[in-house]
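> Structure for this input, please:
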Amino acid sequence: MEDPSVVAARLTATAKDVTEQAKKIAQEAIADTADPDNVTAAKLIGSYMKMVDLALTGGVQATKHVLGVDTPSTSADADAAEGRRLVADAMEAITRRMLRQSSVVAQETADLLDKKPASPNVWAQAMVKLADITMLGATELAETALIGPAPFEREPARSDPYQVGGKGPRTLVVKAPGLMRPGTADAVPAANLKFMAPIDATTGRELVGGVLASTDDEFYLIANPAGMISGIYIGTVDVKAADGSVLQSIAVELPL
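Got it, this is the predicted structure:
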């Protein structure tokens, strides 16, 4: 469990930042209203939406602080940290959707108010729509937090099997710069990769350190896709002898 004082310090910093941003938005809105001829419904609602955006994004960041999403984790709690990140990412996606929906309502309301400035019906309809977005979004956020990371977890990715030559102890090594999506620098972290020797069509034996037994003549790769962008990752695996010489280089693909 993380020290509560550390969490509190992060929350305090976020609260100060949100306050400063809110102050800036308010000052800009006040400056706009100083000239009555320059005031439009669109500007007023624009300021309101900036405040809504700030409130929601600030809330998401506070949630991340409490969950410990952005803090370094040890190998012992890596799985738990990844679970917290998955939940926070899902909540952030919900929040972004709420912002998009609210922005559409705000734009529609601004257009209508510029045409009918004194229409209470326009305001009433806008408030009902925004209330619906808030209620449904808040319910979904609460459900996401309660359900936990299970619905968002992805199964390990697995490559096709590859034939390997040579005799005796051999070591499999991913050649630098690693397995990457073509045209990018997005390599699969070495910690996410494992070499496996097939036992049957569905199961395998981990090759610790990439070391092949003298009887092994096939291998495949599996990878934890957490935090990775989906795509086909390609690279080269070198098969090395005990003296470090390269016996074979194999082009591999791993779909994530």
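> Helices along the stretch 101-250 of the chain, start to end?
Assigned by DSSP state H, counting those that start in this stretch, the helices in the stretch 101-250 of the chain fall at 120-147.
> which stretches of it have low pLDDT?
Within the stretch 101-250 of the chain, the segments meeting pLDDT under 70 span 113, 117-120, 122-124, 126-128, 130-131, 133-135, 137-154, 226-227.
> Domain-wise, how is this protein divided?
Listed domain ranges for the chain are 4-152, 157-255 (source: automatic domain parsing).
> This structure: strands as residue ranges?
Under the criterion DSSP state E, the chain contains strands at 157-158, 162-163, 170-174, 193-198, 204-206, 211-212, 218-223, 232-240, 246-255.
> Just want the angle from the third one to strand 232-240.
Angular relation of strand 170-174 and strand 232-240 on a 0 to 180 degree scale: 150 degrees, by axes from the mean of the first three to the mean of the last three Cα atoms, to 10 degrees.
> Which elements pack onto strand 170-174?
For strand 170-174, the elements it packs on are strand 211-212, strand 232-240, judged by 3 or more Cβ pairs under 8 Å, 6 or more residues apart in numbering; DSSP states H and E. For every residue, glycine as well, the C-beta is placed using N, CA and C.
> Give the partner strands of the shortest one in its sheet and their orientations.
Put plainly, it is strand 211-212. Next to strand 211-212 in the sheet, as set by DSSP bridges, lie strand 170-174 (antiparallel).
> Would you indicate which residues of the strand it pairs with are buried?
For strand 170-174, a neighbour-count test (16 or more other Cβ atoms under 10 Å) marks 170-172, 174 as buried.
> so which of these comes closest to residue 254?
residue 174 (10.2 Å; Cβ to Cβ).
> ok, that closest one - contacts?
Each residue near residue 174 by Cβ atoms under 8 Å, 6 or more residues apart in numbering is listed here: 190, 193, 235-238.
> which of these are buried?
193, 235, 237-238.
> Just put these in JSON lines and tack on distance to residue 94.
Listed next are those as JSON lines, based on distance: Cβ to Cβ, whole Å:
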{"residue": "193", "distance to residue 94": "32"}
{"residue": "235", "distance to residue 94": "35"}
{"residue": "237", "distance to residue 94": "40"}
{"residue": "238", "distance to residue 94": "44"}
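> show me what contacts the residue nearest to residue 173 when sequence neighbours are not counted?
For residue 173, ignoring the flanking residues on the chain, the nearest one in space by Cβ to Cβ, 6 or more residues apart in numbering is residue 238 at 4.9 Å. Residue 238 sits next to 172-175, 246, 248-250 when contact means Cβ under 8 Å, 6+ apart.
> Please convert those residues to JSON lines, extending it with distance to residue 102.
Formatted as JSON lines, these follow (distance: Cβ to Cβ, whole Å):
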{"residue": "172", "distance to residue 102": "52"}
{"residue": "173", "distance to residue 102": "51"}
{"residue": "174", "distance to residue 102": "46"}
{"residue": "175", "distance to residue 102": "49"}
{"residue": "246", "distance to residue 102": "58"}
{"residue": "248", "distance to residue 102": "58"}
{"residue": "249", "distance to residue 102": "54"}
{"residue": "250", "distance to residue 102": "52"}
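> ok, residue 234 - how many residues close by?
13 (other Cβ atoms under 10 Å).
> where's it relative to residue 207, distance?
For residue 234, the distance to residue 207 (Cβ to Cβ, to the nearest Å) stands at 20 Å.
> on that earlier part again, from the contacts of residue 174, which is closest to residue 100?
Nearest to residue 100 out of these is residue 193 (Cβ to Cβ; 36.3 Å).
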